[in-house]
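Chemist: show me how the following folds:
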Amino acid sequence: MSWILTTDLSFFLSFLLALHNCSVDSSRKIHLSLCVLYWIIMVPTLLILVGALTTLQADLLLNKNFSLLPPVNFTIKAIGLAQVLLHWHPNPDQEQRNIDLQYYVKISAPQEDEYYTRKTESKYVIPLHEGFEASVRTTLRSSHSPLASSWVSAELKAPPGSSGTSVINLTCTTNTVMSSHTNLRPYQVSLRCTWLVGKDAPEDTQYFLYYRFGVWTEECKEYSRDALNRNTACWFPRTFINSKGFEQLAVHINGSSKHAAIKPFDQLFTPHVIDQVNPPMNVTVETEETSLYIQWEKPVSAFPGHCFNYELKICNTKNGYLQVERLSTNKFISKIDAVSPYSIQVRAAVSSSCRMSGSWGEWSQPIYVGKEKKPLAEWCLIVLPATICFILLIFSLVCRMCHLWTKLFPPVPAPKSTIKDLIVETEYEKASSNETRIEVVTCVEEAGFEVMGNSVF
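Modeler: Alright, predicted model coming up:
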């Protein structure tokens, strides 16, 4: 064993000396390709020897009946909402040698996970309403060694509560707002969460929400309620959530009832997934003949302007044609039809260069430009008939008011078609010589002809 170590050490020293000599010789204008070739040959050889030495060391430990002992005093403790602390101590009976130890942690509930650590404690973030179970054992840091101790396990029991009483369909969203304390913190994040009442929860159930981000924990003060006065939504106008942060947001909801124990519920949210990006600000649109000039400012956000991608929507409201553009700048020029109206909207999303990509934000309020203009031929087809109808209407009214139509076209009496249609009765009354003679004529005609009244002469 000592001979191998001595040989390996001497080889390593000779390797370093060769590198130095090669550098010196290179400075003396010896061909550099020989030095590069020497490095290419020697570096893999050195790595193979080091790996062989490590494996040989592990084999020698096995041959000497060397064993690893499990950690002691392994405990699991809840230290926050959806957060636990795993803690243990090295085994005091562990044989001390020039070896490098590490610990292999395995999570078995509520979901499986595993990782290595050299520390004797570890924080872990996970929902705890279903309990938590984990195990740990001692291993060698070398990945080639099969040595490992036995497992030690610990458990954190699930909190009490009746099944079906916890909330369901919990959803949360965040949004950046302007802060009133502009000098200290110009932007703050609001939080809104909604949920449904558990299917087996009693009618007098009341729920209470808490959130944790980092070391900060807050209880909700503003709730929305259903018809039975049960809390079903929560609103935080200001929070300690950092929209630029990479930590997970933990939300915890517990409850109370006189008829049953309400089971709590935990859920973790990733900030970039639930963040609702604000619409771009100050969208301006200008038109110049057939060109459309659009410009806007970045949304209200803690991220600088270069961290945003934009989506622009230009809609021709006349024919329904939709133009969508993906942009990384806040300006755009487009060609338009001068005789059609348009609506313009913009929305934003944080780019992957500044944060993990999330969803698109809300659209800005639509801005309408342009007016629908009809071609000259269409205008003629509409205006000319309307003008003719208007003139005829005015002429008709004038003729009626001035009886002009009767004067221009007086009625002509039509002759009788037959003599039998006219029956004349003449009566003569004879009077004295100094009396006036009166002739009475009565005209009777069939329907469709005028009736002449009695005439007196």
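Chemist: those strands in the stretch 101-250 of the chain, which residues are they?
Modeler: For the stretch 101-250 of the chain, the strands defined by DSSP state E, counting those that start in this stretch cover 101-109, 113-117, 121-125, 132-140, 152-156, 168-178, 187-196, 206-213, 216-219, 222-225, 231-236, 249-256.
Chemist: turn those into JSON lines, including mean neighbour count and distance to residue 369.
Modeler: (C-beta placed from N, C-alpha, C; glycine too.) Shown next, in JSON lines, are those (neighbours: other CB atoms under 10 Å; distance: least, CB to CB, whole Å):
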{"stretch": "strand 101-109", "mean neighbour count": "16", "distance to residue 369": "58"}
{"stretch": "strand 113-117", "mean neighbour count": "11", "distance to residue 369": "55"}
{"stretch": "strand 121-125", "mean neighbour count": "14", "distance to residue 369": "50"}
{"stretch": "strand 132-140", "mean neighbour count": "20", "distance to residue 369": "59"}
{"stretch": "strand 152-156", "mean neighbour count": "16", "distance to residue 369": "62"}
{"stretch": "strand 168-178", "mean neighbour count": "16", "distance to residue 369": "29"}
{"stretch": "strand 187-196", "mean neighbour count": "19", "distance to residue 369": "32"}
{"stretch": "strand 206-213", "mean neighbour count": "21", "distance to residue 369": "43"}
{"stretch": "strand 216-219", "mean neighbour count": "13", "distance to residue 369": "45"}
{"stretch": "strand 222-225", "mean neighbour count": "12", "distance to residue 369": "39"}
{"stretch": "strand 231-236", "mean neighbour count": "19", "distance to residue 369": "37"}
{"stretch": "strand 249-256", "mean neighbour count": "22", "distance to residue 369": "41"}
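Chemist: want to throw these into JSON lines with mean pLDDT and distance to residue 386?
Modeler: Output for these, formatted as JSON lines (pLDDT from 0 to 100; distance: least, CB to CB, whole Å):
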{"stretch": "strand 101-109", "mean pLDDT": "94", "distance to residue 386": "81"}
{"stretch": "strand 113-117", "mean pLDDT": "95", "distance to residue 386": "79"}
{"stretch": "strand 121-125", "mean pLDDT": "95", "distance to residue 386": "75"}
{"stretch": "strand 132-140", "mean pLDDT": "95", "distance to residue 386": "82"}
{"stretch": "strand 152-156", "mean pLDDT": "96", "distance to residue 386": "84"}
{"stretch": "strand 168-178", "mean pLDDT": "95", "distance to residue 386": "53"}
{"stretch": "strand 187-196", "mean pLDDT": "95", "distance to residue 386": "56"}
{"stretch": "strand 206-213", "mean pLDDT": "97", "distance to residue 386": "66"}
{"stretch": "strand 216-219", "mean pLDDT": "96", "distance to residue 386": "69"}
{"stretch": "strand 222-225", "mean pLDDT": "96", "distance to residue 386": "57"}
{"stretch": "strand 231-236", "mean pLDDT": "97", "distance to residue 386": "57"}
{"stretch": "strand 249-256", "mean pLDDT": "97", "distance to residue 386": "65"}
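Chemist: to residue 312, which of these lies closest?
Modeler: Set against residue 312 and scored by CB to CB, those come closest in strand 168-178, at 21.5 Å.
Chemist: quick one: low-confidence parts of the protein?
Modeler: Along the chain, the model assigns pLDDT under 70 to residues 1-65, 143-145, 181-184, 372-382, 395, 399-457.
Chemist: if you set the cut-off to 80 instead, what comes out?
Modeler: Applying pLDDT under 80 to the chain flags residues 1-66, 96-99, 142-146, 179-185, 245, 338, 371-386, 390, 392-457.
Chemist: picking up where we left off before, in CSV, list the strands of the stretch 101-250 of the chain along with distance to residue 88.
Modeler: Shown next, in CSV, are those (distance: least, CB to CB, whole Å):
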stretch, distance to residue 88
strand 101-109, 7
strand 113-117, 10
strand 121-125, 7
strand 132-140, 6
strand 152-156, 7
strand 168-178, 34
strand 187-196, 36
strand 206-213, 25
strand 216-219, 26
strand 222-225, 41
strand 231-236, 37
strand 249-256, 24
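Chemist: so for residue 327, which of the ones you listed sits nearest?
Modeler: Taking CB to CB, strand 168-178 is the member of the strands of the stretch 101-250 of the chain nearest to residue 327, at 20.9 Å.
Chemist: so which elements touch that closest one?
Modeler: With contacts taken as 3 or more CB pairs under 8 Å, 6 or more residues apart in numbering; DSSP states H and E, strand 168-178 sits against strand 187-196, strand 249-256, strand 265-269, helix 271-274.
Chemist: residues of the shortest one that come out buried?
Modeler: Right, the one you point to is helix 271-274. 271-272, 274 (16 or more other CB atoms under 10 Å).
Chemist: okay, the residues you listed in CSV with distance to residue 263 next?
Modeler: As requested, these are exported to CSV (distance: CB to CB, whole Å):
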residue, distance to residue 263
271, 27
272, 30
274, 24
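Chemist: on that earlier part again, among the strands of the stretch 101-250 of the chain, which is nearest residue 362?
Modeler: Closest approach to residue 362 among the strands of the stretch 101-250 of the chain is made by strand 168-178 (9.6 Å; CB to CB).
Chemist: could you give the angle of that closest one to strand 231-236?
Modeler: Here strand 168-178 points in a direction 20 degrees away from that of strand 231-236 (axes from the mean of the first three to the mean of the last three CA atoms, to 10 degrees).
Chemist: angle of strand 168-178 against strand 249-256?
Modeler: With the same axes, to 10 degrees applied, the angle from strand 168-178 to strand 249-256 works out at 130 degrees.
Chemist: any chance of the helices and strands packed on strand 168-178 in a markdown table, plus distance to residue 158?
Modeler: Formatted as a markdown table, the helices and strands packed on strand 168-178 follow (distance: least, CB to CB, whole Å):
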| stretch | distance to residue 158 |
| --- | --- |
| strand 187-196 | 20 |
| strand 249-256 | 13 |
| strand 265-269 | 11 |
| helix 271-274 | 26 |
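Chemist: right, and out of the buried residues of helix 271-274, which lies closest to residue 293?
Modeler: Closest to residue 293, out of all of the buried residues of helix 271-274 and judged by CB to CB, is residue 272, at 32.7 Å.
Chemist: separation between that closest one and residue 247?
Modeler: Going from residue 272 to residue 247 by CB to CB, to the nearest Å gives 11 Å.
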